[in-house]
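1. How does the following fold in three dimensions:
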Amino acid sequence: MKIINDKILGDYHLHSSTISDGTNSIDEIVIQAGKLNYQEIAITDHNQEYLDSYNFSAKTHYSIISSGRWKNIHNDVHVIFGVEADLLNENGDICSHIQNIFPEFIILSAHQKMYAGNVMLIKNGYLNAINRYGSKIKLLGHLCSKQFSDHLNTEDIIEIVLAANKAGIPLELNCANLVNQKTCEKNLKPMLSCCDSLYVNSDSHTLFELINVRNEGFNYLKSNDYI
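-> Down below sits the predicted model:
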């Protein structure tokens, strides 16, 4: 298993208060990333259907960001603006836009409130999305979340991971979920055992998480002999 982002390279799953449900602005996140000596980060706010579902309102037009009007004036951290897309149903339909703008860096995740299909067929949803979108998906986010652990068994997880491997899509160790006991460890271990490549991401919604939870993720990998 290849770790794509080591402790210094950066964090590729972050949420801001500028666009979605984080507690800190884009600029505050970037400043903190510089203090962590990161080279690169991806701010991956939630997609529009998620935002609408929870009545979150962006504090600016996303076009201001996508057009390059926002610049990092704080440090040398390279900032990618992406999206946490949602798996919508067993057909593999996804929502990957923010205000009808489609960022290139796509994390594909599933959330209970957003998944409107037959939950018994969520494995098919992942497989169909992987088949339809392929390497346009940069990584699969929190595949081992407890939200769907009653409907994804170990064999399902392995089948999804093998399909992702074949498509060149990395998996994610979601460190906020791990720390906050939102991860199904029964599914996490087989995922880690068979995935080809892995992002170790914070999925931070606070500066505390940005600073701390990736360390816990690396500690977990080390203590379980994955690194």
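2. Who's the closest spatial neighbour of the residue nearest in space to the middle of the chain, skipping the chain neighbours?
-> The C-alpha lying nearest the average C-alpha coordinate of the chain belongs to Gly141 (Cα atoms, centre = their mean; 4.0 Å). By the measure of Cβ to Cβ, 6 or more residues apart in numbering, the closest residue to Gly141 outside its immediate chain neighbours is Ser109, 3.6 Å from it. For every residue, glycine as well, the C-beta is placed using N, CA and C.
3. Can you list the buried residues in the helix or strand harbouring Tyr50?
-> Taking DSSP states H and E as the definition, Tyr50 sits inside helix 48-53. By 16 or more other Cβ atoms under 10 Å, the buried positions in helix 48-53 come out as 48-51.
4. now do stretch 44-64
-> Neighbour counts using 16+ other Cβ under 10 Å place 44-51, 58, 62 of stretch 44-64 among the buried residues.
5. cool, and stretch 220-227?
-> Buried-residue list, stretch 220-227, by 16+ other Cβ under 10 Å: 220-221, 226.
6. Contacts for it, please.
-> Surrounding stretch 220-227, the residues in contact under the criterion Cβ atoms under 8 Å, 6 or more residues apart in numbering are 1, 3, 173, 178, 189, 192, 200, 218.
7. At which residues are the strands of this protein located?
-> 2-3, 10-14, 40-46, 78-87, 94-95, 105-109, 137-140, 171-174, 197-201 (DSSP state E).
8. Could you export these to TSV, including columns for mean pLDDT and distance to Glu209?
-> Output for the strands of the chain, formatted as TSV (pLDDT from 0 to 100; distance: least, Cβ to Cβ, whole Å):
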stretch	mean pLDDT	distance to Glu209
strand 2-3	98	19
strand 10-14	99	9
strand 40-46	99	13
strand 78-87	99	15
strand 94-95	99	24
strand 105-109	99	16
strand 137-140	99	18
strand 171-174	99	11
strand 197-201	99	10
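9. Alright, I will stop here.
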